[in-house]
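> Here you go, sequence then predicted model.
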Amino acid sequence: MSRWFPEGGLAAVARGQLRVRLAPDAVELVRLSPGLRPGIVHAVRRAVAGGGSAAAGQPWRGALEAVAEALRIEPLLGGAPALVAVSDHWVRWLLVPFSASLTLDAELQSYARMEFEAVHGERARGWTVCLSAPRPGGATPACALDASLPEALREVLHGAGAQLVSLSPGFALAFHRHRKRIGPGPAALALLEPGRCTLGVFQEGAWQAIAAPRLPGDPVAALAAELLAVLARGAVASPGTLHVAFASGRRALPAEVAGWKVEALTEPAVPFTALPADGAGGAIPGPVPS
């Protein structure tokens, strides 16, 4: 499977880790102690100047500047392998339909890139594309990110003696953290963050839809609209369980949304702990466990 950054491994766990979350409004940096059960040594949250509006064409630039400043004035954060979660505000998602004629990773990669360009136009040519492990007969999740973001992030971390070993979208990490909760019937997983919702829908453990609508107002209304659209397309037979994770903070939710039973998920104290200890957990969601 193609991954953005598969290197790292148990050496990163042995040395301790720096975990970073990049979002339009704020960045979070957490230095963890060594070992398979790490504790928090030092944690910093910094607001992003201008709410992430800096640099036309590079809306993530303000977040990287906030990370650089935090690393400059907080020496306890530097010198560790860095695992980074990036807001889905800066990630694009789609499902690559199954095709028996596409058997090689390079073929799937090329097809996914063509799909992104068909949807998003010429700007998609400057994106780096990553796919999940394909599932026979099923659609494959794919995501795309501005290719200049990882390179700029490497430079920022290098200046503090840190090495980028993993870069993953927030929704991918939420999926890996909660995937065992997704049952065989109709199910959905949503990651809520300020201004954005990323939603995956499943039937019999297979991906049926993925969407990432903006949230100009009530997230419940946006979720209801997406779930009703999924039902209207016949992607699932009936409403099921909607599992909701939160990128930051937590809010009250109704018991049901568009007929789907809502389950609010509990997040761990240590940031995105679901990333496997070998550092090769994949940048995007894989198959649901059978």
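Great, that's in hand.

> just the strands in the stretch 101-250 of the chain please.
Listed in chain order, the strands of the stretch 101-250 of the chain (DSSP state E, counting those that start in this stretch) span residues 127-131, 140-146, 163-169, 187-193, 196-203, 206-211, 241-246.

> Highest mean neighbour count out of these?
Most buried of these, by mean neighbour count (mean count of other C-beta atoms under 10 Å): strand 187-193, with a mean of 26. C-betas here are computed from N, CA, C, even on glycine.

> List the contacts of that strand.
Here strand 187-193 makes contact (C-beta atoms under 8 Å, 6 or more residues apart in numbering) with 23, 87-89, 170-171, 174-175, 178-179, 182, 197-203, 215, 219, 223, 227, 230, 240-248, 251, 260.

> Flag the shaky bits of the protein, pLDDT-wise.
Counting by pLDDT under 70, the chain contains low-confidence ranges at 1-15, 51-56, 103, 269-290.

> still on that earlier bit, looking at the strands of the stretch 101-250 of the chain, which is nearest to residue 37?
Nearest to residue 37 among the strands of the stretch 101-250 of the chain is strand 163-169 (18.6 Å), distances taken as C-beta to C-beta.

> Show me where the stretch 1-150 of the chain has its helices.
According to DSSP state H, counting those that start in this stretch, the stretch 1-150 of the chain carries its helices in the segments 10-15, 61-73, 105-120, 148-158.

> got those helices as CSV, with distance to residue 38 and mean neighbour count columns?
What follows is those, written out as CSV (distance: least, C-beta to C-beta, whole Å; neighbours: other C-beta atoms under 10 Å):
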stretch, distance to residue 38, mean neighbour count
helix 10-15, 8, 15
helix 61-73, 19, 20
helix 105-120, 32, 16
helix 148-158, 18, 17
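
> out of those helices, which comes closest to residue 45?
Go through the helices of the stretch 1-150 of the chain one by one with C-beta to C-beta and the one that ends up closest to residue 45 is helix 61-73, at 8.8 Å.

> packing partners for that closest one?
When contacts are defined as 3 or more C-beta pairs under 8 Å, 6 or more residues apart in numbering; DSSP states H and E, helix 61-73 sits against strand 17-22, strand 26-32, strand 40-47, helix 148-158.

> With distance to residue 59 added, can I get the ones you listed in CSV?
Putting the helices and strands packed on helix 61-73 into CSV (distance: least, C-beta to C-beta, whole Å) gives the following:
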stretch, distance to residue 59
strand 17-22, 11
strand 26-32, 14
strand 40-47, 15
helix 148-158, 10
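
> of those, which approaches residue 135 most closely?
Using C-beta to C-beta as the criterion, the shortest distance between residue 135 and the helices and strands packed on helix 61-73 is 26.5 Å, found for helix 148-158.
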